[in-house]
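> Give me a 3D structure for the following:
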Amino acid sequence: MKNFFLPIIALLALTPAVAHAEEPATQRFEHKGSSYSYTVTQVGDVRVISGVEERTGKPFTLRVGPRRVRGTVGSQQVSFPLRDVEPLTKPTTTLAAR
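Below is the predicted model:
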């Protein structure tokens, strides 16, 4: 599970925080043959990434703090150090923006 989310977090941890709006823009990326859509919101000093794996509908919620990533994938808890995150090779794609 950790290998699945490390590329996601890398991309989001290295990009600027999403500007506050009424509704965050849904973004999409593909990794190892699976497509994911997600939104990013800033809650204090924590970035919250909420999304779904499009084929299976499995939801995920990750809280990216200054040193750790914690959250859930489906019903499974995940937690790992931010330093273990590896960047994605392709940029994300924005599906919709206001």
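> Would you mark the buried spots in the longest strand seen in the chain?
Using DSSP state E, we find that the single longest strand of the chain is strand 34-43. Of all the residues in strand 34-43, those buried under the rule 16 or more other Cβ atoms under 10 Å are 36, 37, 38, 40. Glycine gets a C-beta too; all of them are placed from N, C-alpha and C.
> And the nearest residue to residue 65 once chain neighbours are set aside, how close does it get to residue 54?
Distance criterion Cβ to Cβ, 6 or more residues apart in numbering; nearest residue to residue 65, sequence neighbours excluded, is residue 46 at 5.3 Å. Counting by Cβ to Cβ, to the nearest Å, the gap from residue 46 to residue 54 is 25 Å.
> Was I right to think residue 25 contacts residue 39?
Yes: Residue 25 is in contact with residue 39 according to Cβ atoms under 8 Å; the separation is 7.0 Å.
> where are the low-confidence patches of this protein?
1-22, 87-98 (pLDDT under 70).
> Report how many residues lie close to residue 81.
Residues near residue 81, counting by other Cβ atoms under 10 Å, number 10.
> Could I get the contacting residues of it?
67, 68, 69 (Cβ atoms under 8 Å, 6 or more residues apart in numbering).
> buried residues in stretch 50-59?
For stretch 50-59, the neighbour count (16+ other Cβ under 10 Å) marks 50, 51, 53 as buried.
> I misspoke; the intended subject was stretch 74-87.
Going by 16+ other Cβ under 10 Å, stretch 74-87 has these buried residues: 78, 80, 85.
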